[in-house]
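Undergrad: Predicted model, plus sequence, below.
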Amino acid sequence: MAASSSFPFPSRHPVRTSFSVGAIVLIVFAFVPAIAVVVVSFTNLKGLPNLPVDWIGIENYARYFGPARRSDNINALTNTLVFATLATVFQIGIGLAVAILLNRPLKGRNFYRSIVFMPTVLGVTVTALIWSLMFNTSGGPIQSILNAFGTESAFFGDDNIALYLVVFCQVWMQLGVTVIIFLSGLQAIPSDLYEVAGIDGANSWQRFRYVTIPMLAPSITANVLLGIVNAMQSYQLTYVLTGQSNKATQLLSLQVYEQAFGNAQGRQMPGATQGYAAAISMIQFVLVGAITFATLWYLRRREAKL
């Protein structure tokens, strides 16, 4: 009886222990840094030893929204919104088309799926270096092709197309994740639905519009949210591709990096402090959160109507 009465207790301890460890890890690596950024945003922390750190209230935020830097900040905000919108739209459109193609019984389908997912595995830095070489103005493959037609381009040095080239690289890098999510959604659609639609006389477009899209609504929502968040937080890709502070490709995330650590040449930005960088990151956090929740609310309503 004693052995049987004590049986339930050992099984409970691992659950409590694992929960405690998970909670501690979450607090240490997520909540504590987040709270630290909030606190630092109200100080003049410069990140250098032996320098006093003073509490300056909302001065960093007032400075960001003040007239002195308004033009640069509006430019960075506009670039960020354009970048996130274009990257997400093209990821969804191209990703859905590729997923539908790879969902068909093609010969070597698994190989093609691996090829599509490979850019995601390579990582941001490798992706940026690959496309830096491809778009190199001194003998790069794409420049050589343009030269064969009697033209040339500055690519990332051209303010008119630099941001769009970064969008292209972002889409190329993130496309694999988008395709995988769509593929999982497509494979979960019962084939009976297409058979019933065919019996009712639905053509290919009608089956896509009234069967595929409604059934893919959760996958579309997931991909849109991932696309927005990844694009809004992206800085490393643009930083490596452009190699300098470029007004045409300046993003909020790049502002945070440059204000905290200096520009691509290692020079500290005028008046830069890590406290000011933390304030910009908080503004970015609020913006990303607002856009994410608004998008989620809209897409959930669309799912209910489909």
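TA: Thanks, I have the structure now.

Undergrad: Quick one, grab the pLDDT at the closest residue to residue 212 other than its chain neighbours.
TA: Take residue 212 and drop its neighbours on the chain: the residue closest to it by CB to CB, 6 or more residues apart in numbering is residue 189, 6.9 Å away. C-beta: built from backbone N, CA, C; applies to glycine. On pLDDT, residue 189 comes in at 91.

Undergrad: which SS state does residue 189 fall under?
TA: When classified by DSSP: H, G, I helix; E, B strand; the rest coil, residue 189 comes out as coil.

Undergrad: got the phi/psi numbers for it?
TA: phi -80, psi 120 (degrees, to the nearest 10).

Undergrad: Equivalent analysis for residue 43, please.
TA: Per-residue torsions, residue 43: phi -130, psi 180 (degrees, to the nearest 10).

Undergrad: For it, which residues are in contact?
TA: 53, 54, 55, 56, 275 (CB atoms under 8 Å, 6 or more residues apart in numbering).

Undergrad: Pick out the residue nearest the middle of this protein.
TA: Closest residue to the average C-alpha location of the chain: residue 230 at 0.8 Å, with CA atoms, centre = their mean.

Undergrad: Helix or strand for that residue, just tell me which one.
TA: Element membership of residue 230, judged by DSSP states H and E, is helix 217-233.

Undergrad: Just the buried residues of that helix, please?
TA: 217, 219-233 (16 or more other CB atoms under 10 Å).

Undergrad: At which residues are the strands of the stretch 201-306 of the chain located?
TA: Taking DSSP state E, counting those that start in this stretch as the criterion, the stretch 201-306 of the chain carries no strands.

Undergrad: for it, which spans come out with low pLDDT?
TA: 243-245, 263-272, 306 (pLDDT under 70).

Undergrad: And the helices in it?
TA: Ranges of helices within the stretch 201-306 of the chain are 204-207, 213-215, 217-233, 236-242, 252-261, 274-305, based on DSSP state H, counting those that start in this stretch.

Undergrad: and what of the stretch 51-200 of the chain?
TA: Going by DSSP H, counting those that start in this stretch, the stretch 51-200 of the chain shows helices at 59-65, 70-102, 109-122, 124-134, 141-148, 162-187, 191-199.

Undergrad: Off-centre distance for the second one?
TA: On the basis of CA atoms, centre = their mean, to the nearest Å, helix 70-102 sits 9 Å off its chain's mean C-alpha point.

Undergrad: Any stretches of the stretch 51-200 of the chain with poor pLDDT?
TA: For the stretch 51-200 of the chain, no range has pLDDT under 70.

Undergrad: re earlier: of the contacts of residue 43, select the buried ones using a PyMOL command.
TA: If you want just the buried ones from those in PyMOL, going by 16+ other CB under 10 Å, the selection is:
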select buried, resi 56+275
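
Undergrad: what's the closest of the contacts of residue 43 to residue 130?
TA: residue 275 (36.3 Å; CB to CB).

Undergrad: that older thread, now the contacts of residue 43 as TSV including distance to residue 143?
TA: What follows is the contacts of residue 43, written out as TSV (distance: CB to CB, whole Å):
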residue	distance to residue 143
53	48
54	51
55	52
56	48
275	43
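
Undergrad: so which of the contacts of residue 43 comes closest to residue 121?
TA: Closest approach to residue 121 among those (CB to CB): residue 275, at 37.0 Å.

Undergrad: show me the contacts for that closest one.
TA: Residue 275 touches 40, 41, 42, 43, 44, 45, 46, 56, 60, counting by CB under 8 Å, 6+ apart.

Undergrad: swap in residue 296?
TA: 221, 225.
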